[in-house]
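Asks: I need the structure of the sequence given here:
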Amino acid sequence: MVYKKNDIGRKVINIKRSISVMVGKGSVNHNSRVFNAKNTNPERTHLNKAYINNDIQNVYHELFDAALERYNAKQTRSDRKINDYYEKICSGKQEKTFHEIIVQIGNCENMKVDSENGTLAEKILDEYMQSFQQNNPNLRVFSAHLHMDEATPHLHIDFVPFTTDSKRGLDTRVSLKQALKSQGFVGNGRSETEWAVWVQSEKENLAVIMERHGIEWEHLDTHEKHLSVLDYEKKMRSQEVDELENKIEILDKQMTNLIKCEDTFKKVSQDFETDEQFQLPEPQPLMSAKSYKTKIVEPFIDKLKATLKTVLVAYFKMKNKMTECQKENSKLYFSNVDLKEQNDRLLVENFKQMKSLKDYKLLRKILGAEQVDNLLAQARHKNKRFERNL
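Replies: Numbers count the residues shown, from 1 in each chain. Model (predicted):
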């Protein structure tokens with residue numbers, strides 16, 4: 001670990017670490033360790049911290065019941081009334097019932113959970129969590145856990161985003177976009193979403209706490225990059241997202257077709273009881289039992305066996321294909337989520353770089369290109385001397 005001395009001679013930690021704020025899967029049972037996944041160490045589970053673990057439906061009642069009552073009172077038609085707001089959001093497509101972020105400092109190599117740095121990460125994340133709800137009044141946290149039984153300390157924060165004084169639907173309702181807007185995070189089209197701006201703000205809040213503990217925020221993959229490179233990365237991430245969404249759409253269609261095939265097989269099995277071709281014919285007059293067996297029963301059984309074999313082979317092929325499609329669909333979904341987050345990060349960074357470039361051009365225009373270049377050369381020289389003295 002590298003140290004430097006501050007102005008009063010006391011040693012402070014001088015390290016750089018990345019910050020990641022990722023979209024979580026939202027598995028509350030996993031977060032609260034109702035069950036343990038393979039990547040956890042049960043011997044360390046007792047070190048985890050549970051800040052809050054409330055039932056989401058109770059939170060919905062607390063947040064929205066009064067607004068729901070006001071909404072239903074205004075409805076003149078019974079079919080427009082909402083019986084259960086939570087169930088309505090669950091069955092709808094416009095909003096998710098809740099959102100989850102995973103907050104982490106560094107990685108398993110430089111902030112390992114059972115190391116001195118891991119203990120420091122635990123302290124910083126705990127301090128960050130203590131102020132999260134106060135900093136985000138429109139993101140109602142109902143589940144929050146600090147995990148110390150995986151490779152790197154990290155936070156899972158699950159919250160319900162809500163807005164008040166809404167002009168449509170319930171006056172208090174679920175809305176991620178409006179919740180963030182109420183907190184001052186306004187998007188700027190596709191180039192800068194509310195979510196991306198908010199995530200950037202949360203990283204900056206965490207960076208302030210890190211600095212108090214002697215850790216500098218390391219901006220991975222964005223340090224002194226040229227604007228054209230950022231534009232290229234943004235374009236490539238957008239293309240990857242589009243390709244994944246197309247793959248997911250194709251897989252959804254395949255799964256729909258497979259489900260239809262399964263329904264067809266069920267119908268065939270039901271037809272065995274009613275279809276004439278699968279009914280054993282009556283023996284002809286004066287036909288002996290031996291003739292009936294060899295000429296009618298045995299060919300009939302052979303036909304049934306062949307049909308059943310064909311159906312079973314096709315059915316299990318279909319089931320295996322459906323399982324593969326479900327696994328691939330799940331894998332693509334989470335890859336898509338990761339790529340969207342990377343894309344959001346690049347959009348924000350691109351916007352900041354454009355602003356910096358604009359300011360830089362303005363400086364060169366006002367001060368003169370030669371003077372600006374001299375100042376930059378002096379700054380680089382001082383920075384190199386400073387790094388050598390560390």
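
Asks: what helices and strands are in contact with the longest helix seen in the chain?
Replies: Counting residues, the longest helix found in the chain (DSSP state H) is helix 298-367. If you count contacts as 3 or more CB pairs under 8 Å, 6 or more residues apart in numbering; DSSP states H and E, helix 298-367 packs onto strand 19-23, helix 194-212, helix 227-271, helix 369-389. Yep, even glycine has a C-beta here, placed from its N, CA and C like the rest.

Asks: lowest-confidence stretch among the ones you listed?
Replies: Looking at the helices and strands packed on helix 298-367, the lowest mean pLDDT belongs to helix 227-271 (a mean of 57).

Asks: that helix: what's the following helix or strand?
Replies: Counting by DSSP states H and E, the element after helix 227-271 in chain order, helix or strand, is helix 289-292.

Asks: what is the mean pLDDT for that following helix?
Replies: Taken as a whole, helix 289-292 has a mean pLDDT of 70.

Asks: now find how far off-centre it is within its chain.
Replies: 68 Å (CA atoms, centre = their mean, to the nearest Å).

Asks: and if you look at stretch 15-26?
Replies: That offset, for stretch 15-26, works out to 12 Å (CA atoms, centre = their mean).

Asks: just checking, Glu95 touches Ala179?
Replies: No - under the criterion of CB atoms under 8 Å, Glu95 makes no contact with Ala179, lying 10.2 Å away.

Asks: these two: who's more crowded?
Replies: Taking other CB atoms under 10 Å, Glu95 and Ala179 do not tie; Ala179 has more neighbours (25 against 18).

Asks: tell me how far that one lies from Arg33.
Replies: Using CB to CB, to the nearest Å, one obtains 28 Å as the distance from Ala179 to Arg33.

Asks: same check, this time on Leu367
Replies: Distance, Leu367 to Arg33, by CB to CB: 59 Å.

Asks: can you confirm Asn107 is in a helix?
Replies: No - counting by DSSP: H, G, I helix; E, B strand; the rest coil, Asn107 is not found in a helix; it is coil.

Asks: tell me the phi and psi of it?
Replies: Asn107 adopts backbone torsions of phi -140, psi -170, taken as degrees, to the nearest 10.

Asks: now do the contacts for the residue nearest to it when sequence neighbours are not counted.
Replies: In this structure, Asn107 finds its nearest non-sequential neighbour in Thr152, 6.0 Å apart by CB to CB, 6 or more residues apart in numbering. Thr152 sits next to 104, 106-108, 111-113, 118, 121 when contact means CB atoms under 8 Å, 6 or more residues apart in numbering.

Asks: neighbours of Asn374, how many?
Replies: Neighbour tally, Asn374, other CB under 10 Å: 12.

Asks: which phi and psi does Ser131 have?
Replies: Dihedral angles of Ser131 (phi, psi; degrees, to the nearest 10) stand at phi -110, psi 0.

Asks: from the chain's centroid, how far away is stretch 114-127?
Replies: Taking the mean of its C-alpha atoms, stretch 114-127 sits 24 Å from the chain's own mean (CA atoms, centre = their mean).

Asks: whoops, I mixed them up, stretch 71-89
Replies: For stretch 71-89 - counting by CA atoms, centre = their mean - the centre lies 30 Å from the chain centre.

Asks: list the contacts of that stretch.
Replies: Outside stretch 71-89, the residues that touch it by CB under 8 Å, 6+ apart are 56-57, 60-61, 64-65, 68, 95-97, 169-171, 174.

Asks: which PyMOL command selects the buried ones in those residues?
Replies: Command for PyMOL, covering only those of the contacts of stretch 71-89 found buried under the criterion 16 or more other CB atoms under 10 Å:
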select buried, resi 56+60+64+68+95+97+170+171+174
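
Asks: neighbours of Ile301, how many?
Replies: 12.

Asks: next, work out how far apart His145 and Asn31 are.
Replies: His145 is 5 Å from Asn31, where distance means CB to CB.

Asks: so for those two, which residues contact both of them?
Replies: Common neighbours of His145 and Asn31 (CB under 8 Å, 6+ apart) are His156.

Asks: circling back to that earlier point, more neighbours, Leu367 and Arg33?
Replies: Neighbours were counted for Leu367 and for Arg33 using other CB under 10 Å; Arg33 has more, 17 against 12.

Asks: measure the more buried one to Lys49 for me?
Replies: Between Arg33 and Lys49 the distance is 11 Å, computed by CB to CB.

Asks: list residues touching both of the two?
Replies: Residues touching both Arg33 and Lys49 (CB under 8 Å, 6+ apart): His145.

Asks: ramachandran angles for the spatially closest residue to Ile15 that is not a sequence neighbour?
Replies: Nearest residue to Ile15, sequence neighbours excluded (CB to CB, 6+ apart): Ile215, at 5.6 Å. When read as degrees, to the nearest 10, the backbone of Ile215 gives phi -110, psi 130.

Asks: any regions of the stretch 1-150 of the chain where pLDDT drops low?
Replies: For the stretch 1-150 of the chain, the stretches flagged by pLDDT under 70 are 1-14, 35.

Asks: and the most centrally placed residue in the chain, what does it touch?
Replies: Centroid check for the chain by CA atoms, centre = their mean gives Val23 as the closest residue, at 3.4 Å. Applying CB under 8 Å, 6+ apart, one finds that Val23 lies in contact with 99-102, 337-338, 340-341.

Asks: picking up where we left off before, got a list of what the residue nearest to Ile15 touches?
Replies: Taking CB under 8 Å, 6+ apart as the test, what Ile215 contacts is 13, 15-17, 105, 120, 124.

Asks: how close does it sit to Val28?
Replies: Ile215 is 30 Å from Val28, by CB to CB.

Asks: with Gln133 instead?
Replies: Here Gln133 is placed at a distance of 17 Å from Val28 (CB to CB).

Asks: more neighbours: which of those two?
Replies: Neighbour count, other CB under 10 Å: between Gln133 and Val28, Val28 has more, with 20 against 16.
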